[in-house]
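[1] okay, predicted coordinates and the sequence, questions at the end:
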Amino acid sequence: MRVTQSGLDLNLLVALDVLLEESSVSRAAARLHLSEPAMSRTLGRIRKALGDPVLVRAGRSMVPTPHALAVHGEVRAVVERARSLFLSGGRIDLATLQRTFSVIANDAYVATCAATLFDRVAREAPGVRLRFLPESHADLAALREGVADLELGVVDTRSPEVHVEHLADERVLGVVRPGHPLLRGRVTARRFAAAEHLIASRRGRLEGPVDAALAELGLTRRVVGSVGTFPASLFVLRRSDLVGLITHQAGPLADALGLETFPIPLDLPTLPFGMAWHPRHDADPAHAWLRSCARELTRAPDAPPVPPC
C-alpha cells in the first residue's frame, strides 16, 4: 500500500530504513524485492526529499552520512510503529515474517547461546535475521536511538524509559589451566590473592568486585593486565599461570578449552542477567516473540549457559 501526504511517499521511510541497515543498494533491493535500478531510483527520491546524499561511496562500499545516521533511529521507530499499527490483533505469521533484529550481547553470550537461538529462528521464522552487536554499543543509548532492538546481559542503562526484565542471577567462578599450582590444595582467600590475575573488561578496568571483597579481608591481589573479552581471556589462561574469572553457566566455554574452574573463597555479589528494550516495541508482536525466545533460552532448565557480561 502506498500512502502519500503533500506529495511525500511514506514508503520511502521503509526503503530508507533498509538502505541504512544494509549500506548497499543491491542488498536493500533484494530485501524489498525490487530491481537494483528501481532501488537506485528510490534512493534518488530519498536524497531529494531529505536534501542529503544519505549513502556515499567509501572505496568499494557505501557508508551513511552523518545526517542519515542521526535520523535512522527516528526512521526505525516510525517504521516499526507502522508495522504494529497494521498487524491485526497482535497476531503475526512467523513463517512469512521478514525482519532483521539487532541484539547487543557480549561475545561469551554469542558463543554459548547464539547457535540455539539461530536454530529456533530458522525453524519458526526463517525470514528473520539476527545481527549481534558488541557491548560497546551499550554506551550509546542504542535502544533509545534505534541502533539496537534488544540488549542481553548485565544491563546498565541510564535511560529511564527503557524496560529491563531480570532473567537470572549468575555466580562467578575462578578459572585456570589444568595443573595450575593454585589447585594443589584448598583454595583459600590468601592463596587466591597471592596468585597473578587476568581481568576481562571491555573498558580496560584493572579492578572489580573481587578486589573489594579481598580488601574487606585485608588482602590485595596482583592484576597483571586485562583483555577485552572473556573468550580471549580463556585463551590466555590456558597458556599461562594466570587466574581468571568466569560464570558458572559459562563453564562449557572453559570445558571446551580444557580449563579448570573452582569456587572463589570470597563473598561476591551475583551478576543480574537480564534483557532490555525500548517501550516502542511493547506492542510489536514480532519483538515480543524475540523476547520470549530470549527469555525461554535463558530460563529453561536445560538452556545453554548464560555467560558473564
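    Cool, the structure landed.
[2] was I right about residue 220 contacting residue 212?
    No: checked against C-beta atoms under 8 Å, the pair residue 220 and residue 212 is beyond contact range at 10.9 Å. From N, CA and C alone the C-beta is placed, and that goes for glycine too.
[3] so residue 48 sits in a helix?
    Yes: when classified by DSSP: H, G, I helix; E, B strand; the rest coil, residue 48 is found to be part of a helix.
[4] per-residue confidence for it?
    As summarised for this prediction, residue 48 has a pLDDT of 89.
[5] before we move on, what about residue 158?
    On the pLDDT scale, residue 158 gets 63.
[6] and residue 30, by the same measure?
    On the pLDDT scale, residue 30 gets 86.
[7] tell me how many other residues crowd it.
    15 (other C-beta atoms under 10 Å).
[8] could you say which helix or strand contains it?
    Residue 30 belongs to helix 25-31 when elements are defined using DSSP states H and E.
[9] quick one: list the elements packing against the strand or helix carrying residue 57.
    Applying DSSP H and E as the criterion places residue 57 in strand 55-58. Applying 3 or more C-beta pairs under 8 Å, 6 or more residues apart in numbering; DSSP states H and E, we find strand 55-58 packed against strand 61-64.
[10] just the strands in the stretch 51-200 of the chain please.
    55-58, 61-64, 99-104, 128-133, 150-153, 163-170, 172-176, 196-200 (DSSP state E, counting those that start in this stretch).
[11] neighbouring strands for the first one, and are they parallel or not?
    Right, strand 55-58. According to DSSP bridges, strand 55-58 has the following sheet partners: strand 61-64 (antiparallel).
[12] same thing with the longest one?
    Strands that pair with strand 163-170, judged by DSSP bridges, come out as strand 271-277 (antiparallel).
[13] cool, the fifth one as well?
    If you go by DSSP bridges, strand 150-153 pairs up with strand 99-104 (parallel), strand 271-277 (antiparallel).
[14] wait, residue 62 sits on residue 53?
    No: contact between residue 62 and residue 53 fails when scored by C-beta under 8 Å: they sit 9.8 Å apart.
[15] pLDDT at residue 127, what is it?
    So, for residue 127, pLDDT stands at 92.
[16] and for residue 306?
    41.
[17] also residue 228?
    In this model, residue 228 carries a pLDDT of 88.
[18] list the contacts of it.
    Shown in contact with residue 228 (C-beta atoms under 8 Å, 6 or more residues apart in numbering): 200-202, 204.
[19] want to throw those residues into TSV with secondary structure and pLDDT?
    Below are the contacts of residue 228 laid out as TSV (DSSP: H, G, I helix; E, B strand; the rest coil; pLDDT from 0 to 100):
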residue	secondary structure	pLDDT
200	strand	91
201	coil	87
202	coil	81
204	coil	86
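[20] residue 263 against residue 173, yeah?
    Yes: Residue 263 is within contact range of residue 173, at 6.4 Å (criterion: C-beta under 8 Å).
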